[in-house]
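Enquirer: Would you be able to build a 3D model of this:
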Amino acid sequence: MAQQYQFTGHPTEGPNEHVGKFLKMANTVKLNGVRPEVIRLQLFPFSLRDIVATWVDSFPFGLVNTWEEIVEAC
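Expert: A predicted model of the protein is given here:
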């Protein structure tokens, strides 16, 4: 589902628009006892591809711990 709105970082794409579309999709996923922020953090990497995905994959473990940190980076 997250792959439907993949962000590549192309100049014609807007990161804020991507985050908005991603949130619409991610907010439809509900798991008993799991905070929505945790679901977003787990799904977000699947909404990226190409150079942006490679860039995010290069982050050291623990660099991004909250949804707010992702939004600030956009």
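
Enquirer: Apart from its chain neighbours, what residue comes closest to R49?
Expert: Q6 (4.5 Å; Cβ to Cβ, 6 or more residues apart in numbering). Yep, even glycine has a C-beta here, placed from its N, CA and C like the rest.

Enquirer: go on, T8?
Expert: Closest to T8 by Cβ to Cβ, 6+ apart is D50, at 4.5 Å.

Enquirer: That neighbour and D57 touch, don't they?
Expert: No: here D50 lies out of contact with D57, judged by Cβ atoms under 8 Å, at a distance of 11.4 Å.

Enquirer: F22: how many residues sit nearby?
Expert: The tally of other residues near F22 (other Cβ atoms under 10 Å) stands at 22.

Enquirer: And the one 3 residues further on, by the same measure?
Expert: Burial of M25, expressed as a neighbour count using other Cβ under 10 Å, amounts to 15.

Enquirer: Pretty sure it sits against Y5.
Expert: Yes: under the criterion of Cβ under 8 Å, M25 makes contact with Y5 at 6.3 Å.

Enquirer: Could I get the buried residue list for stretch 62-74?
Expert: Of the residues in stretch 62-74, those buried under the neighbour-count criterion (16 or more other Cβ atoms under 10 Å) are V64, W67, I70.

Enquirer: Next, the last one: secondary structure please.
Expert: In other words, I70. helix (DSSP: H, G, I helix; E, B strand; the rest coil).
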